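Q: for reference, the sequence and a predicted model appear below.
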Amino acid sequence: MNSIQGGVFQQDNVRPHTAVVTQNTLQSVDMLPWPARSPDLSPIDHAWDIIERQLQRHPQTALTVPVLTDQVQQVWNSIPKTDIQHLYDRQCMHVCMLAFKLLAITPVINVPEFHI
């Protein structure tokens, strides 16, 4: 597997990603720890959903990888940064609420917004 200098791989531990062949391939890759089968915790999944919906409405279907790459880049550049920030803020709040629930804590404070 090609690596990006200083890069860390993240996968959501869904069944296809936990297959033995996949685990063997990823053995030498730096991985972020991630709860089992919890794709909804990753804002990138929601960003990809936005990109996919916009690509489906694109007037020209990409027939080659370079064309698809260009289209994905164009769509990504067109997404307002406030929309991406909203995904992170929403996921941060979701994770905090899950932590409260797991720890049986009743939140009595307002959780500040998280900004990157």
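A: Perfect, I can see it now.
Q: got any ranges where this protein has weak pLDDT?
A: By pLDDT under 70, the weakly predicted segments of the chain are 1-18, 32-42, 92, 94-116.
Q: quick one: the helices in it?
A: 20-25, 43-56, 65-78, 81-102 (DSSP state H).
Q: could those go into TSV alongside distance to Met31?
A: (Each C-beta comes from the backbone N, C-alpha and C, glycine too.) Putting the helices of the chain into TSV (distance: least, CB to CB, whole Å) gives the following:
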stretch	distance to Met31
helix 20-25	10
helix 43-56	15
helix 65-78	24
helix 81-102	18
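Q: redo the ones you listed as TSV? Include mean neighbour count.
A: Converted to TSV, these look like this (neighbours: other CB atoms under 10 Å):
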stretch	mean neighbour count
helix 20-25	10
helix 43-56	14
helix 65-78	12
helix 81-102	13
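Q: tell me the domain boundaries of the chain?
A: Split into domains by the TED database, the chain comes to 1-34, 35-105.
Q: residues contacting the nearest residue to Arg90 once chain neighbours are set aside?
A: Leaving out its chain neighbours, the residue that sits closest to Arg90 by CB to CB, 6 or more residues apart in numbering is Pro43, at 7.7 Å. If you count contacts by CB atoms under 8 Å, 6 or more residues apart in numbering, Pro43 has them with 84, 87-88, 90-91.
Q: try it again with 6 Å
A: 87-88, 91 (CB atoms under 6 Å, 6 or more residues apart in numbering).
Q: over to Val75?
A: 51, 54.
Q: count of neighbours near Leu26?
A: Look at Leu26: counted by other CB atoms under 10 Å, it has 14 neighbours.
Q: next up, phi/psi of it, please.
A: phi -90, psi 0 (degrees, to the nearest 10).
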